[in-house]
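Undergrad: A predicted structure for the sequence below; I have some questions about it.
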Amino acid sequence: MSHATTTRQKVLVFRELPLAQLARLQAAHEVTVANPRAGEAQRAAFEAALPEADGLIGSSYPIDDALLARAPRLRVISSISVGVDNYALAALAARGILLCHTPGVLTETTADTIFALIMATSRRLVELSQLVREGRWTKNIGEDLFGRDVHGKTLGILGFGRIGQALARRAALGFGMPVLYTARRPLDLAAQAPELQGHARHAPLDEVLAQADIVAVTLPLSDATRGLLGAREFARMKPGAVFVNGARGAIVQEDALLAALDSGHLAAAGLDVFATEPLPLDSPLRTHPRVTPLPHIGSATIETRLAMAELATTNLLAALAGQTPPAVYRGAAAG
Ligand SMILES: NC(=O)C1=CN([C@@H]2O[C@H](COP(=O)(O)OP(=O)(O)OC[C@H]3O[C@@H](n4cnc5c(N)ncnc54)[C@H](OP(=O)(O)O)[C@@H]3O)[C@@H](O)[C@H]2O)C=CC1
Ligand SMILES: O=CC(=O)O
């Protein structure tokens, strides 16, 4: 990278950071903390700090072309997320602004969350727990409340990167589930994921949808995947199939998902992510009896959020020091 410097630079933190990571930044740079999602005053403070910012660190807020245009000094964005769909990638590349993210440190936790959603939806855990809490457990439950087995069922995984493969390990090696996956290029399992050899097979999207009992999304949100799953795709899924999204809400056409649930074609959906977050109060997905909604908690454990904050801090400090950060998003401009 150019711009190597030891002088204190201006860092804008746009989502709360743990104290230890904030202290690391403050030891080296002038730090402003302003979360634009935390009310009007914070948003104004964020916008006021943008023109002077050399580096940004945060997540869950779109840094679009208009905001970038107001940040003429910006050299690096360090996202506390692995997904980079909140950033105007073309503008970052055009201006040579480095984009860093947090791959790897959240993989296992996010796969745990997605598998938990598979279990919760298939076995109706939340619904049946609610029945107990509300004092409606007055007799042995009947067939109308039985769930579906997970072990031995075929799992379709859309997108077979770090999280997709971690999910496949849980399913195939722990629950005896054959895995079908989509990817733009089939993996060489012998070299890339030998433990999944004989357990996972690449197939076109339509075949995965038609063969899987449970379909889980672990794709990034991009121009190629936005709205990928609509009425046609849900109709291709097996009657009684379960759908789980642990990636990004906008990959799914939510109206089409609702229609597939309402018609009875899909048995249930487990959703950690939504097209609009937080989920609007009037969204039918919030209260649908066969939807298990979660508030985007894929990586939300104490250990993993700390590891993400630490990696993002290290990324930012390295970039501002003119060094190559450990986790540069490879689709963005090279430093
Ligand atoms: N719910 C939550 O809290 C979390 C959600 N996420 C989401 O999960 C996503 C995946 O994370 P991670 O596994 O680390 O990312 P990876 O980049 O490791 O995996 C994504 C995979 O999707 C593949 N892919 C990309 N585009 C397409 C396409 N059009 N068709 C088929 N396959 C495609 C990529 O392969 P290739 O590019 O080689 O084709 C890659 O293998 C993140 O982008 C994020 O949005 C992540 C963490 C937590
Ligand atoms: O959604 C979370 C992420 O890290 O991406």
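TA: Yep, that arrived. Ligands and ions are numbered 1, 2, ... in the order given.
Undergrad: do you know how far the closest residue to ligand 1 within the stretch 101-250 of the chain is from Ala111?
TA: Per C-beta to the nearest ligand atom, Gly161 is where the stretch 101-250 of the chain lies closest to ligand 1, at 1.7 Å. Any C-beta I mention is one placed from the backbone N, CA and C, and that applies to glycine too. Using C-beta to C-beta, to the nearest Å, Gly161 is found at 11 Å from Ala111.
Undergrad: Just confirm the residue of the stretch 101-250 of the chain closest to ligand 1 contacts Gln192, I think it does.
TA: No. With contact defined as C-beta atoms under 8 Å, Gly161 does not count as touching Gln192 (10.6 Å).
Undergrad: of those two, who's got more company?
TA: Neighbour comparison, Gly161 and Gln192: the larger count goes to Gly161, with 16 against 11 (by other C-beta atoms under 10 Å).
Undergrad: Quick check: the nearest residue to that one once chain neighbours are set aside vs ligand 2, distance?
TA: Counting by C-beta to C-beta, 6 or more residues apart in numbering, Gly161 lies nearest to Thr218, which is 6.8 Å off, once chain neighbours are set aside. Thr218 sits 11 Å away from ligand 2, going by C-beta to the nearest ligand atom, to the nearest Å.
Undergrad: thought Thr218 was touching Asn245?
TA: No. Between Thr218 and Asn245 there is no contact under C-beta under 8 Å: 9.0 Å.
Undergrad: Just want to know which of those two has more residues nearby.
TA: Neighbour totals were compared for Thr218 and Asn245, and Thr218 leads with 28 against 25 (other C-beta under 10 Å).
Undergrad: how about that one, what does it touch?
TA: Neighbour list for Thr218: 114, 157-161, 163-164, 167, 246-247 [criterion: C-beta atoms under 8 Å, 6 or more residues apart in numbering].
Undergrad: Swap in 10 Å and give it another go.
TA: 107, 110-111, 114, 157-168, 181-182, 244-247, 251, 298 (C-beta atoms under 10 Å, 6 or more residues apart in numbering).
Undergrad: Tell me the confidence at it?
TA: If you check Thr218, the pLDDT there is 98.
Undergrad: quick one: it and Phe46, what's the gap?
TA: Relative to Phe46, Thr218 is positioned 31 Å away (C-beta to C-beta).
Undergrad: quick one: buried residues of stretch 73-89?
TA: The neighbour-count check on stretch 73-89 (16 or more other C-beta atoms under 10 Å) flags 74-89 as buried.
Undergrad: gap between it and the chain center?
TA: 14 Å (C-alpha atoms, centre = their mean, to the nearest Å).
Undergrad: can you give me phi and psi for Thr182?
TA: Dihedral angles of Thr182 (phi, psi; degrees, to the nearest 10) stand at phi -100, psi 150.
Undergrad: contacting residues around it?
TA: Each residue near Thr182 by C-beta under 10 Å, 6+ apart is listed here: 156-160, 164, 202-209, 215, 217-219, 228.
Undergrad: I'd like to know which of the residues you listed are buried.
TA: Neighbour-count burial (16+ other C-beta under 10 Å) applied to these gives 156-160, 164, 202-203, 208-209, 215, 217-219, 228.
Undergrad: got a list of what Gly174 touches?
TA: 115, 151.
Undergrad: Against ligand 2, how distant is it?
TA: 23 Å.
Undergrad: That residue belongs to a helix, doesn't it?
TA: Yes. According to DSSP: H, G, I helix; E, B strand; the rest coil, the state of Gly174 is that of a helix.
Undergrad: excluding its backbone neighbours, what's nearest Ala172?
TA: Spatial nearest neighbour of Ala172, excluding adjacent residues (C-beta to C-beta, 6+ apart): His199 at 3.7 Å.
Undergrad: Quick one, grab the pLDDT at the residue nearest the centre of the chain.
TA: Per C-alpha atoms, centre = their mean, the C-alpha nearest to the average position across the chain is that of Ala247, at 4.0 Å. Reading off the confidence values, Ala247 has pLDDT 98.
Undergrad: Give me the nearest residue to it, chain neighbours excluded.
TA: Closest to Ala247 by C-beta to C-beta, 6+ apart is Val217, at 4.6 Å.
Undergrad: From what I see, Arg37 and Asn86 are in contact.
TA: No. With contacts counted by C-beta atoms under 10 Å, Arg37 stays clear of Asn86, the gap being 11.6 Å.
Undergrad: Mind listing the shared neighbours of the two?
TA: Residues touching both Arg37 and Asn86 (C-beta under 10 Å, 6+ apart) are 58, 60-61.
Undergrad: Tell me which stretches of this protein form strands.
TA: Remark: strands assigned in the chain by DSSP state E are 10-13, 30-33, 55-58, 76-79, 98-100, 155-158, 179-182, 200-202, 214-217, 241-245, 266-271, 291-293.
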